[in-house]
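>>> give me coordinates for this.
(one chain, ligands or ions: 2)
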Amino acid sequence: MQLGAIADDLTGATDLAIALTNAGFATVVVPEAGLVQPTREQDPSTADAIVVALKTRTSSVQDAVDRSLRALHWLQSKGCDQFYFKYCSTFDSTPAGNIGPVADHLLDALNARLTIVAPAFPATGRTVYQGNLFVYEKPLHESSLREHPLTPMRDSNIARLLAPQVREDSAIELLDLDTIMRGTEAVKARVRAALDAGTRYLVADSVNETNLKTLAQACGDMPLITGGSGLAQGLSGPHDSGAVEVTPHSGRRVVLCGSASRTTQAQIRHALGTGRGIKIDTTLLRRNTSAAITDILHNILNGDPDTLTVVYATATPDDLVSSNDAELIEHCLSSLAVKLNREESVTGLLIAGGETSGAVVDALGITAMSVGPQLAPGVAWVQAPNPENDGLALVLKSGNFGTEDLFTRAWSEKV
Ligand SMILES: Nc1ncnc2c1ncn2[C@@H]1O[C@H](COP(=O)(O)OP(=O)(O)O)[C@@H](O)[C@H]1O
Ligand SMILES: O=C(O)[C@@H](O)C(=O)COP(=O)(O)O
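Ligands and ions are numbered 1, 2, ... in the order given. A predicted model of the protein is given here:
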């Protein structure tokens, strides 16, 4: 039995792969490019779990559905017979989608009648109680996710968030904490009753890892499960840990930050206490993109080779963030990643930001990754076979993850 997962963004995919690896699955992450251009070095068919990393969280509904179904068929062609749809632990979506429409189509394609909806990830403060999602002590709609530029979360109730996204006749019910605390058999009985009643989505409460373990044990054999990465920690793979060694890094220690989140800003400011900072000047970048990128590269290479270098666009809440510059910054950071790896033999890079990580992995032409040493919940070194050199180890950090000292600590962890 092989588990096939579809994640709606790249850092979400690595987050899930870390959880699966810890749960004993030898796991391969395959970016979308890997579906059409298979890697020679790493045959995903030999893994216990394959996670396809899409970039569909904020694409149109049709695009998200089409690409998710394509990923499903590809996973089936690799031998997967059970499936996991991974979305954000803060349920990032809009009234149109894309969580609901993708889940609806995956259920249909698998001839399945019911799935669970389990975004909780207690290790990062995301819990669900009475069907309401919390980020640490705040209900989702009072957390910073309320002001997310693309998916502002203005409600905390999962059923109310999901209802406008799914088909009108889809019944959504709660799998409450009391039932989960009564254990696996109680959850299985609840699922059977829900199936008999024609329920399509069971929103699962979970406030700690024990709850998620019970849920995973009771629901782990459903044709489709959906959730954040917390649920995956409760599954049981065939090994103690599926983690791989990463190649010892050579060259400079460079952090490329596209994320503008408060967590990343604090990590940048902490790293600048001992490291060098290079701030991207978006005016220069707009005026002459390639010259500005070359300047930044020279600036990196002119610094002390042993000092951590952080390239960033946003380090304080006052830094101007204009969505018009977003792609340009992604282009700048991915060009730097390619030049540092191919021309300067830098084989360990930390990338901050989900969209940014997607752009960098694309530009590097990476078609498969395996999970190495973990740095924080949802954050680890991943190893990418790189035909151009001996391999490349990356940390792909979701904007909201990691402790303040993550950047300074990353290279001291067995790399
Ligand atoms: N100062 C800025 N001006 C414009 N866009 C910015 C700025 N700083 C960051 N960005 C853009 O914001 C986006 C952040 O998204 P992402 O990389 O997914 O980070 P996160 O995981 O924190 O959401 C990227 O597209 C990045 O290029
Ligand atoms: O589930 C989570 O919180 C993460 O895996 C995730 O998806 C984070 O998304 P970004 O903050 O956009 O990287």
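>>> in the host helix or strand of E330, what's buried?
In this structure, E330 sits in helix 326-344 according to DSSP states H and E. Within helix 326-344, the residues that count as buried by 16 or more other C-beta atoms under 10 Å are 326, 328-330, 332-337, 339-341, 344. In short, each C-beta sits where N, CA and C put it, glycine included.
>>> next one: stretch 146-155
Buried-residue list, stretch 146-155, by 16+ other C-beta under 10 Å: R146, H148, M153, D155.
>>> kindly reformat those residues as CSV containing distance to R113, pLDDT and secondary structure.
Supplementary listing: the buried residues of stretch 146-155 in CSV, determined by distance: C-beta to C-beta, whole Å; pLDDT from 0 to 100; DSSP: H, G, I helix; E, B strand; the rest coil:
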residue, distance to R113, pLDDT, secondary structure
R146, 34, 88, helix
H148, 32, 79, coil
M153, 28, 93, coil
D155, 26, 96, coil
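>>> if we can go back for a sec, now, which of the buried residues of helix 326-344 sits nearest L256?
Checking these against L256 with C-beta to C-beta, the nearest one is L333 at 4.4 Å.
>>> doesn't I351 make contact with that closest one?
Yes: in this structure L333 lies within contact range of I351 using C-beta atoms under 8 Å: 7.3 Å.
>>> what do the two both touch?
L256, C257, G258, V360 (C-beta atoms under 8 Å, 6 or more residues apart in numbering).
>>> just the pLDDT for the residue of the chain found nearest ligand 2.
Nearest to ligand 2, among the residues of the chain, is G354, at 2.7 Å (C-beta to the nearest ligand atom). pLDDT, G354: 91.
>>> equivalent analysis for G242, please.
The predicted local confidence for G242 is 73.
>>> neighbours around it, how many?
23 (other C-beta atoms under 10 Å).
>>> is it correct that it falls within a helix?
No: going by DSSP: H, G, I helix; E, B strand; the rest coil, the assignment for G242 is coil, not a helix.
>>> contact partners of the helix holding E330?
251-252, 254, 256-258, 280, 282, 285-286, 289, 292-293, 296-297, 300-301, 311, 313, 346-347, 349, 351, 355-356, 359-360, 362-364, 386, 388-389, 392.
>>> and ligand 1, is that helix touching that?
Yes: shown here: helix 326-344 in contact with ligand 1 (C-beta under 6 Å from any ligand atom) through A326, I329, E330.
>>> quick revisit: now the buried residues of stretch 146-155 in CSV, with distance to V382?
CSV is the format used below for the buried residues of stretch 146-155 (distance: C-beta to C-beta, whole Å):
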residue, distance to V382
R146, 31
H148, 25
M153, 28
D155, 34
